[in-house]
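[1] Just the structure for this:
(2 chains)
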Amino acid sequence: GESVGLHLPTLSVQEGDNSIINCAYSNSASDYFIWYKQESGKGPQFIIDIRSNMDKRQGQRVTVLLNKTVKHLSLQIAATQPGDSAVYFCAENRYGQNFVFGPGTRLSVLP
Amino acid sequence: NAGVTQTPKFQVLKTGQSMTLQCAQDMNHNSMYWYRQDPGMGLRLIYYSASEGTTDKGEVPNGYNVSRLNKREFSLRLESAAPSQTSVYFCASSATGATGELFFGEGSRLTVL
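    Numbering: from 1, shown residues only, chains lettered A, B, ... in the order given. Down below sits the predicted model:
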């Protein structure tokens, strides 16, 4: 089980509502960002990516926003569904370096 | 269409025992990685192999060794397991190295008593 004090932030949303998951990244030189989804007992899966020359990128039901001024990344999920329940985390990368992963946010979709 | 395959999925060890986690990818990727995931923490890089024949330390390499057996396979060895190595281990691969999307395996849950 989890160690005391090391709890993931949790976001609970009603089914059908929009979800916004936030991530603060650490390196102002990072130029590539990915959002991953991790379902219980599974490996992380790619959702969407964005490069630093963009502010916004849209996918199917998901949008990623990048604010380089404050080093902030967000993932918006439209019309959240039960299947969206998972841990979401962002990863940042600078060319030539390896990815650095955030701790993640647990999304719970309420019926 | 297997992607990244890890074995075993679960393992319980006693302190001091050794074991090897196996990873294979069938996507012809050049780069492979081993991460560990602990509660409330992000994935931390243990070792990586940018291409066949090379391996490098990541953020938390102590207590581990790796072998890039060929382009497909990348193994992680614990020579003398410690309770601090209790974790979920993920193997990943990437076509384009550090700047490309990572494809992950399903994970290997290791408990060291």
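[2] Which residue ranges of chain B form strands?
    Assigned by DSSP state E, the strands in chain B fall at B:4-7, B:10-13, B:19-25, B:31-37, B:44-49, B:56-57, B:64-68, B:74-78, B:87-94, B:103-104, B:108-112.
[3] Give me the packing partners of the last one, helices and strands only.
    In terms of contacts (3 or more CB pairs under 8 Å, 6 or more residues apart in numbering or on different chains; DSSP states H and E), strand B:108-112 is packed against strand B:10-13, strand B:19-25, strand B:87-94. Heads up, the C-betas are built off the backbone N, CA and C, glycines and all.
[4] now the angle between strand B:74-78 and the last one, please.
    Using axes from the mean of the first three to the mean of the last three CA atoms, to 10 degrees, the direction of strand B:87-94 lies 160 degrees away from that of strand B:74-78.
[5] pLDDT (mean, whole number) over the helix or strand encompassing A:K37?
    According to DSSP states H and E, A:K37 maps onto strand A:32-38. In this model, strand A:32-38 has a mean pLDDT of 94.
[6] Identify the residues contacting it?
    A:21, A:23, A:25, A:44-52, A:62, A:64, A:66, A:73, A:75, A:84, A:86-95, A:99, A:101, A:104, B:99, B:101-102 (CB atoms under 8 Å, 6 or more residues apart in numbering or on different chains).
[7] Would you give the sheet partners of it, along with the direction of each?
    strand A:45-51 (antiparallel), strand A:86-93 (antiparallel) (DSSP bridges).
[8] most neighbours per residue, which of the ones you listed?
    Mean neighbour count (mean count of other CB atoms under 10 Å in any protein chain shown) peaks for strand A:86-93 among those, with a mean of 23.
[9] Whatever helix or strand comes next after it - contacts with which helices or strands?
    Helices and strands here follow DSSP H and E; after strand A:86-93, the next one along the chain is strand A:100-101. Secondary-structure packing of strand A:100-101 (3+ CB pairs under 8 Å, 6+ apart): strand A:86-93.
[10] The strand it packs on relative to strand B:31-37, how many degrees between them?
    Using the same axes, to 10 degrees: strand A:86-93 against strand B:31-37 is 130 degrees.
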